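Colleague: from the sequence below, what's the structure:
(chains A and B)
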Amino acid sequence: MSKKELLLGNFAVARGAYEAGATVATAYPGTPSTEITEYIARYDEINSEWSTNEKVALEVAIGSSIAGSRSIVSMKHVGLNVAADPFMTVTYTGVNSGLVIAVADDPSMHSSQNEQDTRYFGMAGKCPVLEPSNSQECKDYTKMAFEISEKFDTPVILRLTTRISHSQSIVSLENRITDEEIISRPYDKNPDKYISAPANARKRRVIIEERLDKLQEFANNPKNNLINVEYNDKAIGIITSGASYQYAKEVCPNASFFKLGMVYPLPKEAITEFVNTCDKVYVIEELEPIFEKEIKSWGLNVIGKEIFPTIGELSPEIIRNCLKEAGELNSESLVTYDVQEDLPVRPPVLCPGCHHRGPFYILKKLKLNVSGDIGCYTLGGVPPLSAIDTTICMGASIGMAHGFEMAKGKEFAKKSVAVIGDSTFWHSGVTGLIDIVYNKGNSTVIVLDNSITAMTGHQENPSTGKTLKGDIAPQIDFVALGKAIGIKRVVEVDAYDLEKLEEVIKTEVNAEEPSLIITKRPCILIKGIKFEYKDLQVNSEKCNGCKLCLRIGCPAISFNNETKKAEINKSLCVGCGLCVDVCKRSAIELMEKKD
Amino acid sequence: MNILIAAVGGQGAVLASKVLGKLAQNIGKDVKVSEVHGMSQRGGSVVAHVKFGDKIYSPVVERGSADIVLAFELLEGARYVDYLKEDGILISNTQKINPMPVIIGAVDYPEDITQKMAEKNINTKFVNAMDLAKESGNIKTVNTVLIGLLAKNSPISKDEWVKAIKETVPERFLDVNLKAFEMGYNLN
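Modeller: Next up is the predicted model:
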């Protein structure tokens, strides 16, 4: 079979796991890693799930590896922070069947709260890290990662970046392995290895260092395909990996290249030979100067972050300009058209009919201190809603609201709320809520339940009633949970009912005990949901152009500068009716209900 | 061939990039397609890079090197016109979609975009793709109308374009998309 397909990097990782005979895949969705597991779920041979968070996902994968299945767990860079605890120890225990941890970094933060370099985690955990530079390598390295994992008894990180995860290039497809001994190994019942208590862990600590030496030796051998050395013009040598390799190759097609497939540990001998063969060597790496620092620590002379930026994604343009400034290239700059400066920005917005709009409108109106969280609803922090004060990481909103109270007391708590989405609540909000109850806090927590993990593109979670594979699943009940952990004040409210929302929020923030409010309405983009469509229109005789309706930030409502009246774009409006409640002159009218 | 697709989230930029990717593969070229999703799905500015040729390294188009900027919305065309190479062509929809800062009245939608492009002697082809999409029977075919116009301005045969569309667009939307493609193709 030599079928070639144009595949997204993430799809190619999934294909690699399939071809390698993996039978377990776990993940919590997060851009840019999400599609790996979505695609894996299409293979019947692979038992896959959305776990409640990345820590759980890794723990499940560790369990299945020890039980004897090749396992892959996928997450974005910040997900590895959540999973750091099991990660830092599974590198001690090692594996039975191969364990691959696919982690997608997001240089330039296209869709993330920070910029991290997962290679640091590899170093901290003494865990080998492979980094592909196109979709074909995404597939090949995934398969190699399973082999290396088993050969060296270690988990392996497959490090991706947005440009690798989310770009498509051509991949040759192969068949899934049929070797039953690889696909299903016996359970490795080996307590001395897998119980990481001090006496065992101390022994494993030594093994890890020996393992790193062996890995380095393995990487040094060109036969193992973890390095790719191309000698062209030896005046300039470039050491690089991943997307940076592709950018550098485009800018300097005639230079000599040392492309790393394993980015930790580094093949010292092979790199030393390369540096000594070339007249001048540049290290081009995205984000942190990890190769550079290590190579310099060996006493070798290379140039890196002296000329290349540490912040953000690299690009051919950046590399070209940096090398030009360093006097290395003298090609002319490309001519670019510039039509006009100061074009209006086009930030992402909450969709028309979005569940989150009503709660945020009320929170802003009541001038509350709002600790927010990660999801579509983070968009409630931008104008015109501007209803969120803080966002740190998944699940942080609830603990932070308690922190507000710890700092400023009960009266301050009466002016504060935490907001969190349903998926994020299951991810890591629930423990914060238990903390509030246990420590006798008074915080009000609002779960914005739109019944899906929306921001990453609609993944199932414990509130949706379905699994990743589409099977019916128990729907975990917020009300019962709130009561079970000891919250007496649990209220469910329709997210479109502004009057009721305002009343509930006012009452609950004033209560001198913890409250849990669950606002409900499914995300309007969920396929197959029933939506009571209302046809809305602006009565131009009643509209006085006060623009109050614009404050809800609905993309379907705009202001006509000529007529000085509000307008509703019918192709965008879904008829949620929030604007009807907001308009003080009753100028937005409900027309007959459509079928 | 370097093509940059500039659009507003939800306009079908990803599908358009898939058609181009398929086309390139069918004519035996190396090809890379790159897009950034996530936040950009929610009505934000979206851009997809498509590159094909004998051997492609970088998956992103460098500014000043695009043969074509294919804009699904006028303002987005202006935003990414700096990707065009000197003799490149901007193919743009004339449809305007107000971004949130315009909706809430913080800034105005620039009214002189086409005029400024003319002043800079940019090779442009403007089309009201929304009207043609409506005529084709589905307003969501704006992307295919524009692909039609792109096809007409490309050295690749029409049959290859039709084949790529047939292999990419889901069966039930195929007829309406082929109609939209024809409309775009027959524009000039």
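Colleague: list the contacts of A:I307.
Modeller: The neighbours of A:I307, taking Cβ atoms under 8 Å, 6 or more residues apart in numbering or on different chains as the test, are A:282, A:322-323, A:325-326. (Glycine included, C-beta is placed from N, CA and C.)
Colleague: need the max-distance pair from those residues.
Modeller: Farthest-apart pair in the contacts of A:I307 is A:Y282 and A:E325; separation 12.5 Å (Cβ to Cβ).
Colleague: tell me which of these two has more neighbours.
Modeller: A:Y282 (25 against 10; other Cβ atoms under 10 Å in any protein chain shown).
Colleague: name the element the more buried one belongs to?
Modeller: When elements are assigned from DSSP states H and E, A:Y282 belongs to strand A:280-284.
Colleague: how far off centre is the next helix or strand after that strand?
Modeller: Later in the chain than strand A:280-284, the nearest helix or strand by DSSP H and E is helix A:290-297. Distance of helix A:290-297 from the chain centroid (Cα atoms, centre = their mean, to the nearest Å) equals 28 Å.
Colleague: what helices or strands is helix A:290-297 leaning on?
Modeller: helix A:119-125, strand A:233-241, strand A:262-264, strand A:280-284 (3 or more Cβ pairs under 8 Å, 6 or more residues apart in numbering or on different chains; DSSP states H and E).
Colleague: chain neighbours aside, what residue packs nearest to A:T161?
Modeller: A:D105 (4.8 Å; Cβ to Cβ, 6 or more residues apart in numbering or on different chains).
Colleague: what's the answer for A:Y120, then?
Modeller: A:Y120 sits nearest to A:E288 (Cβ to Cβ, 6+ apart), 6.7 Å away.
Colleague: neighbours around the one you found, how many?
Modeller: A:E288: 16 surrounding residues under other Cβ under 10 Å.
Colleague: roughly how far does it sit from A:G304?
Modeller: Between A:E288 and A:G304 the distance is 10 Å, computed by Cβ to Cβ, to the nearest Å.
Colleague: please determine how far the nearest residue to A:D179 once chain neighbours are set aside is located from A:E181.
Modeller: Nearest-residue entry for A:D179: A:G21, 7.0 Å, with adjacent residues in sequence omitted and distances by Cβ to Cβ, 6+ apart. Here A:G21 is placed at a distance of 10 Å from A:E181 (Cβ to Cβ).
Colleague: compare the two (neighbour count), which wins?
Modeller: Higher neighbour count among A:G21 and A:E181: A:G21, with 23 against 8, using other Cβ under 10 Å.
Colleague: does the residue positioned nearest the centre of chain B count as helix, strand or coil?
Modeller: In chain B, the residue lying closest to the centroid (Cα atoms, centre = their mean) is B:L70, at 3.2 Å. Three-state call for B:L70 (DSSP: H, G, I helix; E, B strand; the rest coil): strand.
Colleague: what sits against it?
Modeller: By Cβ under 8 Å, 6+ apart, B:L70 lies in contact with B:3-6, B:16, B:91-92, B:146-147, B:150.
Colleague: go again using 6 Å as the cut-off
Modeller: B:L70 sits next to B:5, B:91, B:146, B:150 when contact means Cβ atoms under 6 Å, 6 or more residues apart in numbering or on different chains.
Colleague: who does it bridge with?
Modeller: Counting by DSSP bridges, B:L70 is bridged to B:I5, B:I91.
Colleague: from B:P110, how far out is it?
Modeller: 20 Å.
Colleague: same question for A:A413.
Modeller: From A:A413 across to B:P110, the span is 46 Å (Cβ to Cβ).
Colleague: any idea how far the helix or strand of chain B at the bottom of the mean pLDDT ranking is from the chain center?
Modeller: Using mean pLDDT, DSSP states H and E, the weakest-scoring helix or strand in chain B turns out to be helix B:100-103, at a mean of 90. Once both centres are worked out by Cα atoms, centre = their mean, helix B:100-103 turns out to sit 23 Å from its chain's centre.
Colleague: right, and the helix or strand after that helix?
Modeller: Taking DSSP H and E, what comes next after helix B:100-103 is helix B:113-119.
Colleague: circling back to that earlier point, show me which of A:A413 and B:P110 is the more surrounded one.
Modeller: Neighbour count, other Cβ under 10 Å: between A:A413 and B:P110, A:A413 has more, with 25 against 18.
Colleague: thought that one was touching A:G441?
Modeller: No: counting by Cβ atoms under 6 Å, A:A413 sits too far from A:G441 to count as a contact (7.2 Å).
Colleague: need the residues touching each of those two.
Modeller: A:E405.
Colleague: point out where chain B drops to low pLDDT.
Modeller: Residues of chain B meeting the criterion pLDDT under 70: B:37-41, B:188.
Colleague: following element in sequence after the top helix by length along it, please.
Modeller: Counting residues, the longest helix in chain B under DSSP state H turns out to be helix B:13-26. As assigned by DSSP H and E, the chain's next helix or strand after helix B:13-26 is strand B:30-35.
Colleague: quick one: that next one to helix B:13-26, angle?
Modeller: For strand B:30-35 against helix B:13-26, the angle by axes from the mean of the first three to the mean of the last three Cα atoms, to 10 degrees is 170 degrees.
Colleague: strand B:30-35 close to chain A?
Modeller: Yes: contact of strand B:30-35 with chain A (Cβ under 6 Å from any Cβ of the partner chain) involves B:32-35.
Colleague: and that strand, how far from the chain's centre?
Modeller: The chain centroid and the centroid of strand B:30-35 are separated by 15 Å under Cα atoms, centre = their mean.
Colleague: repeat for stretch B:109-116
Modeller: Mean C-alpha position of stretch B:109-116 versus that of the full chain (Cα atoms, centre = their mean) differs by 19 Å.
Colleague: just the endpoints, please. Distance across it?
Modeller: Start-to-end span of stretch B:109-116 (Cα to Cα, to the nearest Å) is 14 Å.
Colleague: list the contacts for the residue nearest to A:T161?
Modeller: Counting by Cβ under 6 Å, 6+ apart, A:D105 touches A:77, A:118, A:161.
Colleague: mind doing that once more with 7 Å?
Modeller: Counting by Cβ atoms under 7 Å, 6 or more residues apart in numbering or on different chains, A:D105 makes contact with A:77, A:116-118, A:159-161.
Colleague: gap between A:Q136 and chain B?
Modeller: Going from A:Q136 to chain B by Cβ to the nearest Cβ, to the nearest Å gives 11 Å.
Colleague: A:A67 now?
Modeller: 34 Å.
Colleague: ok, for that residue, nearest residue in space, not its chain neighbours?
Modeller: Among residues not flanking A:A67 along the chain, A:Y187 sits closest, at 5.1 Å (Cβ to Cβ, 6+ apart).
Colleague: swap in A:I557?
Modeller: Using Cβ to Cβ, 6+ apart and skipping the chain neighbours, the partner closest in space to A:I557 is A:C549 (5.4 Å).
Colleague: three-state assignment of that neighbour?
Modeller: A:C549 ends up helix, using three-state DSSP.
Colleague: contacts only, for it.
Modeller: Neighbouring residues of A:C549 by Cβ under 7 Å, 6+ apart: A:557, A:566, A:579, A:582-583, A:588.
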